[in-house]
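K.L.:
give me a 3D structure for the following:
(4 chains)
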Protein chains: 2
Amino acid sequence: MKKKVNIKDIANVTGFSIATVSKVLRNDPYVKDSTRKKILEVIKTTGFVPDEVARSLVMKKTTNFIGLIISDISNPFFSELTLGVEAEAKKRNCGVIVCNTHYDEKEERKYIDILIRNRSLGILLATPTINDPNISFLKNIHYPFVLITRKVENIDTNLISVDHFKSAKMAVNYLIQNGHKEIAHFTSPIKVYGFIKRLEGYKSALNANNIKIDEKLIIMNESSLKGGYESAETLFRKNKRPTAIFASDDLIAIGAMEYFKKMSYKVPEDISIIGYDNIAISGIYLINLTTVNQPKYEMGEISVKILLEQIETTTNFKPIKCILKSHIVERGSVLKRYDL
Amino acid sequence: MKKKVNIKDIANVTGFSIATVSKVLRNDPYVKDSTRKKILEVIKTTGFVPDEVARSLVMKKTTNFIGLIISDISNPFFSELTLGVEAEAKKRNCGVIVCNTHYDEKEERKYIDILIRNRSLGILLATPTINDPNISFLKNIHYPFVLITRKVENIDTNLISVDHFKSAKMAVNYLIQNGHKEIAHFTSPIKVYGFIKRLEGYKSALNANNIKIDEKLIIMNESSLKGGYESAETLFRKNKRPTAIFASDDLIAIGAMEYFKKMSYKVPEDISIIGYDNIAISGIYLINLTTVNQPKYEMGEISVKILLEQIETTTNFKPIKCILKSHIVERGSVLKRYDL
DNA sequence: TTGTAGGCGTTATCAG
DNA sequence: CTGATAACGCCTACAA
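P.N.:
Coordinates of the predicted model:
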């Protein structure tokens, strides 16, 4: 790569001043046609392109954008969330930059640094890893951010979420109300806020219904189709045949269904399953998964509203906490045993 | 919103000079411990972060991330591609920033500007809209970039893709070889390179097999589950009952299957369908879609290899063009009529 | 150990 | 119409 030619070079070659060259660059009308032509000529032959960095340094006119950090781009939960973020951001005339961390806090920190250094308006954190040090970091430097789909115990921050504990309880109660007593739980071993709360909700619901918790019915594997598949396999290997499963997210649920299908186990006749998230694919007839809806799109929208609210507030801003309601989307994966 | 604090502010507050502040910023050892401590203190409470734009202007050193621009984050094709990009980028120790354009060239330009202004190492363009003016723009300013899953006729650029024309032909030939003669094509009206080439491939395959092209069998709707569903509906409304469909991508195919399921039409007994992309969900038993594989992950990896190759090349770099092979993934959605 | 001053490549103001 | 010149926010010899 040969040395970059700059505006000064153009000025020297043409014999005009930097200021004049700058003018033709910006299409300023106050330039004689002949000079404009000459300068343009040299610009062309020399392949000169104004340096955007220098330009934006002086113009301070960077297009506004906010950073959205998610932990798994291949989970539709996050892409549906992203859609909501983008929609609201677009209304406010700003872009959104998405960063994917694979549930890795180091990666997360890397992206936070990039976002901050590049003057993002603020950060939307949809990386619900528990005890995430990055949260207190952001809090400490007073950088605007909002937590999505989680909260954190001892730090006062903006947040938008559903109540995972309650929602999980609701899901398990739904199974119980439909006559299920042996209920397994598939979740992830990753220390993610939502997963942990759902596990607690699962246990709480069982307790409340005097159902003994059987640790062998709690299977952990990664949050993915593969993880769900393997969880189901693990369960069966243990010779456990509960009548129902509460999967901590839809991907896990669908992966499990996949295993049952392979084993010629019918859902819901032989085994019932309820998911969590209500990602789009769960709704198709071929899958038809009963699940707990998380208002992903809305959470995305609201998160940017909160963020911009904070940014626009000049005097002592008080963090906004918003908990949305979830509900069960009844489809065909849960057997109503009382109807038998 | 309070004014952005800069290095000068820190200098003023601490009483030290800008130079000294800069030194502690860069961990220069020649600073008295007590001074360093004081300055760090103020930096922390004030939330100051050095402006990357100014910094890179003087250092002439780009930051360490690449931009990936995709057109639809909710299509797993793109998220699987992203995973490949991230994997290779991580090996090279750099981050990836993803931007989603919704197939909108204006949005795309907005993100390109953001990426350039923030000194990304380069841009990966997975936005296959035809006649995209942004491509020649990037070419003109000599910004490093590589086209993913497309090429462009008259501009010499880096690119990584499969041959969509050939692949589509292969798909349709596969249907024909299995005894299908009435074959519909579901695609998108958006002027996207891959869609157009696949339509051409579809027509070419029919021609080569002396099958008359029936325009009524070519249905256009958006590339999504919904679009596929509606395309199938449109087809049936027209009272058209081909024996097979070539869907321009898996989302469309799955959406169509959804409609058939609802109408109690069996796949593949009543109607066969072949997709394109081979996104993960197509592989599960419940869907079991026969489709054309695009090596998404590999394309992602290779794209960053190419990009970095260009960046590291000092002397006249010649654009790298890489066409990967695709193949048919046989599953259960195509009826082998000759076997009947 | 700390500070002064001169860039980095543009834009923008204001005389000439 | 043109051209000095002061920013923009930060880095870095070179002095002190």
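
K.L.:
for stretch A:23-31, which residues meet the burial criterion?
P.N.:
A:23-25, A:31 (16 or more other C-beta atoms under 10 Å in any protein chain shown). In short, each C-beta sits where N, CA and C put it, glycine included.

K.L.:
likewise for stretch A:227-246?
P.N.:
A:227-235, A:242-246.

K.L.:
just the CA atoms of it, as CSV, please.
P.N.:
Only the C-alpha atoms of stretch A:227-246 are listed here, as CSV (Å, rounded to 0.1, in the frame of the first residue of the first chain):
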residue,chain,number,x,y,z
GLY,A,227,-28.1,-29.5,23.9
GLY,A,228,-31.8,-30.2,24.1
TYR,A,229,-31.3,-33.4,22.1
GLU,A,230,-28.6,-34.6,24.3
SER,A,231,-30.5,-33.7,27.5
ALA,A,232,-33.3,-35.9,26.3
GLU,A,233,-30.9,-38.6,25.5
THR,A,234,-29.3,-38.3,29.0
LEU,A,235,-32.7,-38.5,30.6
PHE,A,236,-33.6,-41.7,28.8
ARG,A,237,-30.2,-43.2,29.5
LYS,A,238,-31.0,-42.8,33.1
ASN,A,239,-34.2,-44.7,32.5
LYS,A,240,-36.2,-41.8,33.6
ARG,A,241,-39.5,-41.3,31.9
PRO,A,242,-41.3,-38.3,33.3
THR,A,243,-44.6,-37.4,31.7
ALA,A,244,-43.5,-33.9,31.1
ILE,A,245,-40.5,-31.6,30.7
PHE,A,246,-40.1,-27.9,31.3
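
K.L.:
close to chain B, is that stretch?
P.N.:
No: Stretch A:227-246 is not in contact with chain B by C-beta under 8 Å from any C-beta of the partner chain; minimum separation 8.9 Å.

K.L.:
check stretch A:96-103 too.
P.N.:
Yes: Stretch A:96-103 reaches chain B (C-beta under 8 Å from any C-beta) through A:96-100, A:102.

K.L.:
show me where the stretch 51-200 of chain A has helices.
P.N.:
Ranges of helices within the stretch 51-200 of chain A are A:52-59, A:76-91, A:105-117, A:133-140, A:164-177, A:193-208, based on DSSP state H, counting those that start in this stretch.

K.L.:
farthest-separated two in the buried residues of stretch A:23-31?
P.N.:
Within the buried residues of stretch A:23-31, A:25 and A:31 form the most distant pair, 10.2 Å apart (C-beta to C-beta).

K.L.:
just to revisit the earlier point, of the helices of the stretch 51-200 of chain A, which approaches residue B:57 most closely?
P.N.:
helix A:52-59 (5.1 Å).

K.L.:
packing partners for the closest one?
P.N.:
Under the contact definition 3 or more C-beta pairs under 8 Å, 6 or more residues apart in numbering or on different chains; DSSP states H and E, helix A:52-59 sits against helix B:52-59, helix B:105-117.

K.L.:
buried residues in the longest one?
P.N.:
Of the residues in helix B:105-117, those scored as buried under the neighbour-count criterion (16+ other C-beta under 10 Å) are B:105, B:107-117.

K.L.:
ok, now stretch A:274-281?
P.N.:
A:274-281.

K.L.:
where does chain A have low pLDDT?
P.N.:
For chain A, the stretches with pLDDT under 70 are A:1-3, A:60-63, A:339-340.

K.L.:
show me which residues of chain A sit near DNA strand C.
P.N.:
Within chain A, the positions near DNA strand C by C-beta under 7 Å from any atom of the strand are A:4, A:6-8, A:18-19, A:22, A:25-26, A:48-51, A:54-55, A:57-59.

K.L.:
quick check: closest non-adjacent residue to residue A:259.
P.N.:
Spatial nearest neighbour of residue A:259, chain neighbours left out: residue A:232 (3.7 Å); criterion: C-beta to C-beta, 6 or more residues apart in numbering or on different chains.

K.L.:
hmm, residue A:255 and the one you found touching each other?
P.N.:
Yes: counting by C-beta atoms under 8 Å, residue A:255 is a contact partner of residue A:232 at 7.3 Å.

K.L.:
element containing residue A:276, please.
P.N.:
Counting by DSSP states H and E, the element that carries residue A:276 is strand A:272-277.

K.L.:
can I see the domain layout of chain A?
P.N.:
Split into domains by automatic domain parsing, chain A comes to A:7-46, A:51-162+A:296-324, A:164-294.

K.L.:
hmm, the first one touching DNA strand D?
P.N.:
Yes: using C-beta under 7 Å from any atom of the strand, we find that domain A:7-46 touches DNA strand D at A:15-20, A:23, A:29-36.

K.L.:
any idea which of the residues you listed is closest to chain B?
P.N.:
residue A:18 (16.2 Å; C-beta to the nearest C-beta).

K.L.:
how many other residues sit next to that closest one?
P.N.:
If you count neighbours by other C-beta atoms under 10 Å in any protein chain shown, residue A:18 ends up with 14.

K.L.:
need phi/psi at it.
P.N.:
phi -60, psi -40 (degrees, to the nearest 10).

K.L.:
dump the residue contacts of it.
P.N.:
Shown in contact with residue A:18 (C-beta atoms under 8 Å, 6 or more residues apart in numbering or on different chains): A:7-8, A:11.

K.L.:
list only those of those residues flagged as buried.
P.N.:
Buried among these by 16+ other C-beta under 10 Å: A:7, A:11.

K.L.:
can I get the contacts of residue A:18 in a markdown table with secondary structure?
P.N.:
Output for these, formatted as a markdown table (DSSP: H, G, I helix; E, B strand; the rest coil):
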| residue | secondary structure |
| --- | --- |
| A:7 | helix |
| A:8 | helix |
| A:11 | helix |
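
K.L.:
that older thread, Serialize the helices and strands packed on helix A:52-59 to JSON lines and add fields for distance to DNA strand D.
P.N.:
Below are the helices and strands packed on helix A:52-59 laid out as JSON lines (distance: least, C-beta to the nearest atom of the strand, whole Å):
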{"stretch": "helix B:52-59", "distance to DNA strand D": "3"}
{"stretch": "helix B:105-117", "distance to DNA strand D": "13"}
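
K.L.:
how about the helices of the stretch 51-200 of chain A, which one is nearest residue B:190?
P.N.:
That would be helix A:76-91 among the helices of the stretch 51-200 of chain A, by C-beta to C-beta, at 17.3 Å.

K.L.:
for residue A:164, which non-adjacent residue is spatially closest?
P.N.:
Nearest one to residue A:164, counting by C-beta to C-beta, 6+ apart, is residue A:197 at 3.7 Å.

K.L.:
assess the claim that that neighbour and residue A:168 are in contact.
P.N.:
Yes: taking contacts as C-beta under 8 Å, residue A:197 lies within contact range of residue A:168: 6.8 Å.

K.L.:
quick one, which of the two is more surrounded?
P.N.:
residue A:168 (28 against 24).

K.L.:
look up the closest residue to the more buried one, ignoring the ones flanking it.
P.N.:
For residue A:168, the spatially nearest residue (C-beta to C-beta, 6+ apart) is residue A:201, at 2.8 Å.
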